[in-house]
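[1] Coordinates for the following, if possible.
(chains A and B)
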Amino acid sequence: MTIIGDRQQLAYIASQAADARVNVELETEGMTLNIGPQHPATHGTLRIIARLDGEQVLWAEPSCGYMHRGYEKLTEVRTFPQVTALVNRIDWLGSFANEVPFILAAEQLMEIEAPPRAQWIRTILFELSRIANVSLFLGDLGVQLGAITPVFFAFRDREYVLNLIEGATGGRFHPNFDRIGGLKDDLPAGWVDETRAVMKKMRKFCDEIENLLFGNEIFESRTRGIGVIPRDVALQYGMSGANLRASGVDWDLRRDQSLPMAWDKVDWKVWTHLDGDSYARCWVRLQETRESTFIVERLLDTLPSGPVMTKVPRIIKVPAGEAWVSTENPLGEMGYYVVSKGDLGPFRVKIRSASFNNISIVPWLLKGVYVPDIITILASLYFILGDIDR
Amino acid sequence: MYALLSSIPYWGQTILRLIGGSVAVLLPAGTIVYLFLFKMMSFMQSRLGPMEAGPYGSMQLFAEVGKWLQKEDLMPERADKFVFKIAPLVVLSSTFLLVVVVPFGPDAWITNFEAGVFYALAVSSVSVLGILMAGWSSANKYSLLGGLRAAGQLIAYELPMILAVVGVVIQAGSMNLQNIVVAQNAGSIFGWDGLGNPYLLTQFIGFIIFMIAVQAELTQTPFDMPIAESELVSGYMTEYSGFRFLIFFIGEFATAGVFAFIASVLFLGGWGVPFSWFGWTEINDVDNWMNVGGPLIMLTKMLGLVFIIMWVRFSYPRFREDQLQRFAWKILIPVSLVNIVATSVLKVAF
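    Predicted coordinates:
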């Protein structure tokens, strides 16, 4: 132990104090900003805790769970056909797409398959819910960046798609239409022709949004190079859907796995973008919406006739076993791991929803960006709160 | 007419001017809100807008004002009460101070001020103070961010606006707004004086820069980060409600109207219209009826310019703060400096 003389010690303290004084003068005070749970940009109750230095984000962390409804637990006290009413509400903008993977998992356990017409109609309704979902994203994108007009176009044209879903299923938002072994009903008369007309309208809407937003210099300068997710980072964080395809990963579950659905029966294209920035994510979604309208039209062209329901017992008991089915939902990969013990209801269901994994990249992505870019990045990642919190 | 005005006693003139100033602020504000915010925006967004209050919703504005006046006067607990209260008034007062120098006719002005342009550009900055006060006193982080953004933005765009106006001042040879109007209407294009010489033609670059700067001064959409409802909730206005919000609201649209008045004076020939100035070469020749027609002409021109402002507002996304600063300092200011140099060279040459 060295002995420091009084004089030395005083000098040391003085130098430290001088250092501290200089540092205090140069230091600026940071600020913790709570974005949410009530904030116009988080469309729901996502809360982002951001530590700011001026307008720059030092670190940010999403805090979710404000809307946790416990669907995984609730499924354990429901029968298999009742579960669709729950999972409808996970991604509430594309409800029908939530039902499909669960029903497919149940069918897989029971070793039955829906008749071809039911498969086709399922796929058509699946794509319609994708269009309804993503068209709202395209409108909302404008609002997040300050252009208020596109969202009204989106609401106007989404209404046509919702009318179609309502016409076929009876429910605009929560169709609850999928049954184990097929569908509740066949399509109503005249529905096919109307769908063709609406698909043309939706393509016009896509053109409109493309002209209004994607060709705009301000939009480009706000989104290009903002929130870049490189290919390997996207894969590491388990991103899926358009967010992954925008990072240059050619991965689409509709094409890459064989399910008893009708996607492999028609021609269509998987859109990818190499940039991985916000612009790429928005662009991929726009192209996918347009592609979905083509998928729907081609499926309508080849729609087979026949029943929409196979023979299933009146009281459905799913044999014991485990099944994992995931599909390419509007927000990304959505899957259900269903464990059955041979009862009326599932023993355990694990829901893998796309948005929860997609926003897990937010802390990595928001480091060092400016406050306005938080909004751009969150908007372009596109999550639905129900899909995060379940 | 001038003789008529001077025969009125001073207190009468003052009352007339007060009424005139209030009308010149509130009438355009109401017209703009109804015509553009309620109706034009709705039509652009494929909806009808207000339809219930009065024919085609024309009484909607009164309904809104009534609603705001009834609301509770909320104030954050930790707000700086005095500053919080006077901030909206400071913003609105800048509008009233601005309208004072605008000429609406040969004698229909409130004050004929020699350094009118200088004065107008100076008092237009007073609103920055109000916004900064509102942002700071609200004791809200969003408000503070909004207020600071507003201050940075308005200072950055003050300069291109002044530089754009300098071109007009050089060409007119006067800073008096009335003289600028006369210089435009009594001017001629290569000897043909039917159209006068509105500076829109010669100072086109200046006009564009001026309108962009006005858009930024008004914090309308491509430049609306101080309010940025999707980022900062409502910026410096977040904590305001009731009649204080109403004052901000009136201030926003009234200032749009007044800036459009000033732009039409500087670039569109003010209260004159093409072919109206045949045979008149100076202000004393002008007929008295222009004192009635002038304000109407000004109102029309104002609505045309505000239409452009609102059109941009409803269809564009917004810039980011640093992009906006870069746009002001790297593009607008150099271009306006070049414009000034070109104007002065041509002024000397011709």
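
[2] So which bits of chain B are right by chain A?
    Applying Cβ under 8 Å from any Cβ of the partner chain, we find that chain B lies next to chain A at B:41, B:44-47, B:141-142, B:145, B:221-222, B:224-225, B:228-233, B:314-323. Any C-beta I mention is one placed from the backbone N, CA and C, and that applies to glycine too.

[3] Which residues are in contact with B:Gly224?
    No, residue B:224 isn't Gly; it's Asp. Each residue near B:Asp224 by Cβ atoms under 8 Å, 6 or more residues apart in numbering or on different chains is listed here: A:146, B:313, B:318.

[4] Go again with 6 Å.
    Contact partners of B:Asp224, counting by Cβ atoms under 6 Å, 6 or more residues apart in numbering or on different chains, are B:Arg318.

[5] Pull out the buried residues from the residues of chain B next to chain A.
    The neighbour-count test (16 or more other Cβ atoms under 10 Å in any protein chain shown) marks B:41, B:44-45, B:141-142, B:145, B:221-222, B:224-225, B:228-233, B:314-321, B:323 as buried among the residues of chain B next to chain A.

[6] Just the ones of those residues in strands?
    The strands in this structure, assigned by DSSP state E, contain none of these.

[7] Would you mind listing what in the stretch 1-150 of chain A touches chain B?
    Listed as neighbours of chain B in the stretch 1-150 of chain A under the rule Cβ under 6 Å from any Cβ of the partner chain: A:33, A:40-41, A:144-147, A:149.

[8] Make JSON lines from the residues you listed and add secondary structure and distance to A:Phe177 to it.
    Output for those, formatted as JSON lines (DSSP: H, G, I helix; E, B strand; the rest coil; distance: Cβ to Cβ, whole Å):
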{"residue": "A:Leu33", "secondary structure": "strand", "distance to A:Phe177": "43"}
{"residue": "A:Pro40", "secondary structure": "helix", "distance to A:Phe177": "33"}
{"residue": "A:Ala41", "secondary structure": "helix", "distance to A:Phe177": "33"}
{"residue": "A:Gln144", "secondary structure": "helix", "distance to A:Phe177": "32"}
{"residue": "A:Leu145", "secondary structure": "coil", "distance to A:Phe177": "35"}
{"residue": "A:Gly146", "secondary structure": "coil", "distance to A:Phe177": "38"}
{"residue": "A:Ala147", "secondary structure": "coil", "distance to A:Phe177": "35"}
{"residue": "A:Thr149", "secondary structure": "helix", "distance to A:Phe177": "33"}
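
[9] If you rank those residues by neighbours, which is first?
    A:Leu145 (29 neighbours; other Cβ atoms under 10 Å in any protein chain shown).

[10] That one - nearest residue in space that isn't next to it in sequence?
    What sits nearest to A:Leu145 in space, not counting adjacent residues and going by Cβ to Cβ, 6 or more residues apart in numbering or on different chains, is B:Pro317, at 3.8 Å.

[11] Check the one residue in chain A that gets nearest to chain B and give its pLDDT.
    Going by Cβ to the nearest Cβ, chain B is nearest to A:Gly146 of chain A, at 3.2 Å. pLDDT for A:Gly146: 80.

[12] just the one 5 residues further on next, same as before
    Each residue has a pLDDT score; the one for A:Val151 is 86.

[13] hang on, it packs against A:Gln144?
    No: with contact defined as Cβ atoms under 6 Å, A:Val151 does not count as touching A:Gln144 (9.4 Å).

[14] Neighbours of residue 251, how many?
    Answering for chain A, as no chain was given. By other Cβ under 10 Å, 19 other residues sit near A:Trp251.

[15] actually it's chain B I care about, not the one you picked
    B:Gly251: 25 surrounding residues under other Cβ under 10 Å.

[16] which intervals of chain B have sub-threshold pLDDT?
    Per-residue confidence for chain B (pLDDT under 70) gives these ranges: B:1-6, B:191-195, B:275-281.

[17] Geometric centre of it: which residue is closest?
    In chain B, the centroid-proximal residue (Cα atoms, centre = their mean) is B:Phe259; its distance is 1.7 Å.

[18] now that one, what's its secondary structure?
    Under DSSP: H, G, I helix; E, B strand; the rest coil, the three-state class of B:Phe259 is helix.

[19] now A:Lys311
    Secondary structure, three-state DSSP: A:Lys311 is coil.

[20] Need the nearest residue in space to it, chain neighbours excluded.
    In space, A:Lys311 is closest to A:Gly181, 7.4 Å off (Cβ to Cβ, 6+ apart).

[21] OK, contacts around the one you found?
    So A:Gly181 contacts A:112, A:309-310, A:312 (Cβ under 6 Å, 6+ apart).

[22] Mind giving me the PyMOL select for these, buried ones only?
    Command for PyMOL that selects the buried part of the contacts of A:Gly181, burial taken from 16+ other Cβ under 10 Å:
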select buried, chain A and resi 309+310
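
[23] Just name the closest of the contacts of A:Gly181 to B:Phe327, please.
    Nearest to B:Phe327 among these: A:Met309, at 61.4 Å, using Cβ to Cβ.

[24] bridging residues for that closest one?
    A:Gly182 (DSSP bridges).

[25] need the helices for the stretch 51-200 of chain A, in chain order.
    In the stretch 51-200 of chain A, the segments counted as helices under DSSP state H, counting those that start in this stretch are A:71-74, A:80-87, A:95-110, A:116-144, A:149-169, A:191-209.

[26] of all these, which lies closest to A:Gly227?
    The closest of the helices of the stretch 51-200 of chain A to A:Gly227 is helix A:116-144. By Cβ to Cβ, the value is 12.5 Å.

[27] does A:Ser355 really touch A:Ile388, like I thought?
    Yes: counting by Cβ under 6 Å, A:Ile388 is a contact partner of A:Ser355 at 4.7 Å.

[28] Find residues that contact each of these two.
    Contacts common to A:Ser355 and A:Ile388, judged by Cβ under 6 Å, 6+ apart, are absent.

[29] give me the low-pLDDT residue ranges for the stretch 251-390 of chain A?
    In the stretch 251-390 of chain A, no residues with pLDDT under 70.

[30] Mind doing that once more with 90?
    Applying pLDDT under 90 to the stretch 251-390 of chain A flags residues A:251-279, A:281-282, A:301-321, A:326, A:328-335, A:340-349, A:351-390.

[31] What parts of it come near chain B?
    Within the stretch 251-390 of chain A, the positions adjacent to chain B are A:372, A:375 by Cβ under 6 Å from any Cβ.

[32] The same query, at a cut-off of 10 Å, please.
    Within the stretch 251-390 of chain A, the positions near chain B by Cβ under 10 Å from any Cβ of the partner chain are A:370-376, A:378-379.
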